[in-house]
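> Requesting a structural model of the entry that follows:
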Amino acid sequence: MGHSPLRSPAFQIGVMTLLVFLGVMGLRWEGILESAELDAYDWSMRLRPTNTRTNPPITLVSITDQDIRTLGQWPVTDEIMARVLDILTTYHPRAIGVDIYRDMEVPPGREEFNRVLKAHPEILMVMKFGKIEKGGIPGPALLQGTDRVGFNDVIVDSGGIVRRGLLFLDDGTNFYRSFSLLLALQYLQQESVVPKPAIENSDWVQIGKTVIRPFESHDGGYVGADAQGYQYLLDLERGENVFPIISLGDVLGGTFNPELIEDHIVLIGVIAQGVKDYFYTSQCGALTVCDQIPGLELHAYMVHQLLRLAKGEGQAPIATFPDSLETAWIGLWVLVGGFIGWWVRGAWRFSLAVLMGMLLLSGVVVGGMMYGTWIPFIPPAVGLVVNAMVVTARLSNREKQDRTILMSLFSRHVSSEVAQAVWEKREQFLEKGRLRPQKLVVTTLFTDLEGFTTVAENMEPNTVLDWLNTYMERMVKIIDNHGGMVDDYHGDMIKADFGVFRLSQTEENKRQDVNNAVSCAVALEQEMRCLNTQWQQQGLPEVRMRIGIQTGPVVVGSLGSEQRLKFTTIGDSVNIASRLESFQKDSLETWPKDEVCRILIGETTKHYLGDHPWRLKEVGMITLRGKSNGISVYRLFTKTGSPEPCSVTSIEQTGG
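Sure, this is the predicted structure:
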C-alpha cells in the first residue's frame, strides 16, 4: 500500500512555508509590522550618501531667540514685518514665503504690511487648513481667496516623524495648495512650469519633467494611513549647511550678503527654541537618530525637493512596490528561509546562513533606496527567519523520528560505528519512515544449538534464561566485532547478515563480507569451546552449535506496521543458509567429542572466499529441504593444532 503524498516531507514543508507566508502577510496587513518597517525605512534613508549637490536657491531668514529679546515681543509686529519685506524685495528675490500666521493684526503697522503685500505678488503667506472652529487659521484678510496663501500643515506619523509632504488639500468645497508648492511654482514661473495632469493618469500631477504619483494608504510599509489630499513621500536630501541663514536682526541692520536674496526663494520664519515649531524627519545624513529641525527648514527642504523634481535633477519621487510585487517579494524571502532550513545543518552554519540572508536582504533594500525605491524589509526578514526556524524544527523533529526508527531497527544489533554510518547516510536507507527496499548481495549466517530443547527441559527457567543470555551476549558481540548485523533471534537461533549497509558493492566488498562471515564463524566456534569449559566448571550442561553460511542476492528492508517495524533480509540465499545450518540435524551422524561446531557453506560463499587458512571438505551435491535442485555444500574446518586459550570474557576479534 503506497504512502499518501500528503505525508511526504516536501509537501509538509511546503504547507508550513505557505502558512508562514500567510502569517507574515496577515501581520503586514494588520499593521503589526508597520512601526518596525517605518523604522527600517528611516535607517535605509540615513544610509544613503549625504547631499553633495550645488546649494539650492533657497535662503532662510530666521527669527531667533536673540531677535525676540532685541525686539522685546512676540509675535513680530506688522510694522517690523513690513520693514523686513521692503528690504528683501529691493534685492529682487523670485519668491518670498512668510511662515508666520497673519490672520489677525499685530499692531502697529497693518496698513504698511498690507501695502507691501499689494505691491509684491511674489510674497506668499501661510494658513492652517480647516475651518476656524476646528482649529484652522486663515491667511491675511487681504489675500484670502487668492493663490498667494498656502497651507503649511505637516503630516506627522505616530512616533513623531515627518515622512510625507502635501501638494493639495480640499474640504469638499474649496481647493488649497501647500505653502511649499506655491513657493516652488512661484520660482518656476520664469521657466513656464505649471502643474498639469500626467499623460499616463489624468488624476496624477506632473510638475515640469516629473510625474508625482499620489501616496496611497498602503504604500511602502504603511497600513491604512490617512491619505487625505495629494501626498508624496519626502526625499529631503539633508546635509550640512544646505540652506544659508540670515537672522532677522541682520536684515534690519543691512548686514547680509545681497547675493543670497537675488533670484532666490526666501523663507521667513521662526527657529527660536521658545517657539515650539520643530520636527523629526527620516533623513539627517548620519547613522544616529536625527535631531529635530525647525518647521522653517522643513518647508525649505520640501521646496527644494519640488524644484529638483520639476527640473528633472537626479531621481524621481520615491517609488514603492505595487501590492502584487510586494507579495511576490515577501514570498521569495519566505522561500529563501525555507531553503536555508532545508539544506543547512548545524547551529553555527544555520546562524551564518540566516545572517548572510539578512545581510543580502539589507543590501538590496539599501541599494533600492539609493535609487529611489522603497523595498520592504521587515516582512521579508520576518518571513526568512521564521520559516528557516520552522523548517529546521520540522526537519529536526523528522530526523529525531528517523533516528528513533533506525535505532529501533538496529539497536543492539550493530556496532555504534555502523549505526552512525547508517544515520549519516540515512537519505539512502530511509524512505517515508521505512527502510528503502534494496537488492544487495549479502552473506547470511545462521547459528543454532544442538539439542537445546532437551537441555532446557532439564533446567530451571531462570537458569535456562541466564545460561542462554550468556551464550547470546558472547555470540552477538563476536558478530558485531566482525562487521555483521544480527537481525533475528528465535529461541537459541541467531541470524546475522554481512554487507547489508554497503553503499557500493564491488567484487572486493563481497569477498570482504564473506571473509568477515567465515572469520566470525570460526570465532564463534572458539567461543563455544570456551563457554563449554566455563559451564563445565559451573556444573552446567555443555552444548554444540551448527552454523550455515550462504552468499547471494537478497532484498533488504523493513517489515511490520508503523508502530512496530523489523529489519530483515529476504531471498533464496537466506533460505539456503538456514537449510545449511539445520542440515541432517536429526540424523544418526555423530560428531567427534572434541568438535563443538559444524560449519557448512554454499558454493557461492566458497567462490568468494578465495585464499584462506582453513580446510574445506566437500560434502557433495545435496538437496536441501524445500529445494528442488541440489547445491554443492562444503564443510569448513578451523586450523589444526591446539585451540587458542580461553579468556574470562568473550574473544575480541575483527574480521578480514
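> Model confidence for the residue nearest to Ser35 when sequence neighbours are not counted, exactly?
With CB to CB, 6 or more residues apart in numbering as the criterion, Ser35 has its nearest non-adjacent residue at 6.8 Å, and that residue is Gly159. Using the backbone N, CA and C atoms, a C-beta is placed for each residue, glycine as well. Looking at Gly159, its pLDDT reads 83.
> Do a quick rundown of the strands in the stretch 451-600 of the chain.
With strands called from DSSP state E, counting those that start in this stretch, the stretch 451-600 of the chain shows them at 484-490, 493-498, 544-560, 565-570, 597-602.
> what lines up beside the longest one in the sheet?
Right, the one you point to is strand 544-560. With DSSP bridges as the test, strand 544-560 is paired with strand 438-450 (antiparallel), strand 565-570 (antiparallel), strand 597-602 (parallel).
> Buried by neighbour count: which residues of that strand qualify?
For strand 544-560, a neighbour-count test (16 or more other CB atoms under 10 Å) marks 544-552, 554, 556-558 as buried.
> quick one: which of those is nearest to Trp329?
Using CB to CB, Ser558 comes nearest to Trp329 of the buried residues of strand 544-560, at 44.8 Å.
> one step back: output the strands paired with strand 544-560 in a markdown table, with mean neighbour count and distance to Glu326 appended to each entry.
Output for these, formatted as a markdown table (neighbours: other CB atoms under 10 Å; distance: least, CB to CB, whole Å):
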| stretch | mean neighbour count | distance to Glu326 |
| --- | --- | --- |
| strand 438-450 | 22 | 48 |
| strand 565-570 | 18 | 48 |
| strand 597-602 | 24 | 70 |
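> Who are the contact partners of the nearest residue to Asp65 once chain neighbours are set aside?
Of all residues not flanking Asp65 in the chain, Ala272 sits nearest, at 4.4 Å (CB to CB, 6+ apart). Shown in contact with Ala272 (CB atoms under 8 Å, 6 or more residues apart in numbering): Ile63, Thr64, Asp65, Asp67, Ile68, Trp74.
> Report the separation between Ala272 and Asp67.
Here Ala272 is placed at a distance of 8 Å from Asp67 (CB to CB, to the nearest Å).
> residue boundaries of the strands in the stretch 301-450 of the chain?
Taking DSSP E, counting those that start in this stretch as the test, the strands found in the stretch 301-450 of the chain are 319-320, 373-374, 430-431, 434-435, 438-450.
> Turn these into CSV, columns for distance to Asn515 and mean pLDDT.
Formatted as CSV, those follow (distance: least, CB to CB, whole Å; pLDDT from 0 to 100):
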stretch, distance to Asn515, mean pLDDT
strand 319-320, 72, 94
strand 373-374, 69, 94
strand 430-431, 29, 56
strand 434-435, 26, 58
strand 438-450, 9, 90
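> Pretty sure Gly172 sits in a strand.
No - under the criterion used here (DSSP: H, G, I helix; E, B strand; the rest coil), Gly172 is coil, not part of a strand.
> Can you give me the pLDDT of it?
Note on Gly172: pLDDT of 84.
> start at 210 instead
In the new numbering, first residue 210, that becomes Gly381.
> That one - how many residues pack around it?
Neighbour count of Gly381, defined by other CB atoms under 10 Å: 5.
> How much space separates it from Gly339?
With distances taken as CB to CB, Gly381 is found 12 Å from Gly339.
> who touches both of those two?
What both Gly381 and Gly339 touch, as defined by CB under 8 Å, 6+ apart, is an empty set.
> how about the helices of the stretch 560-709 of the chain, start to end?
With DSSP state H, counting those that start in this stretch, the ranges of helices along the stretch 560-709 of the chain come out as 587-619, 625-633, 635-638, 661-666, 670-690.
> host element of the residue lying closest to Leu516 once chain neighbours are set aside?
Leaving aside its chain neighbours, Leu516 sits nearest to Ala393 (5.5 Å; criterion: CB to CB, 6+ apart). Using DSSP states H and E, Ala393 maps to helix 388-397.
> thinking again about what came up before, ok, the residue nearest to Leu516 - contacts?
Ala393 neighbours (CB under 8 Å, 6+ apart): Ile416, Ile474, Val512, Leu515, Leu516, Ala519.
> wouldn't Ala245 be in contact with Ile587 here?
Yes - taking CB atoms under 8 Å as the definition, Ala245 is a contact partner of Ile587 at 4.6 Å.
> Compare the two and say which one has the larger neighbour count.
Taking neighbours as other CB under 10 Å, Ala245 and Ile587 compare with Ile587 leading, 23 against 15.
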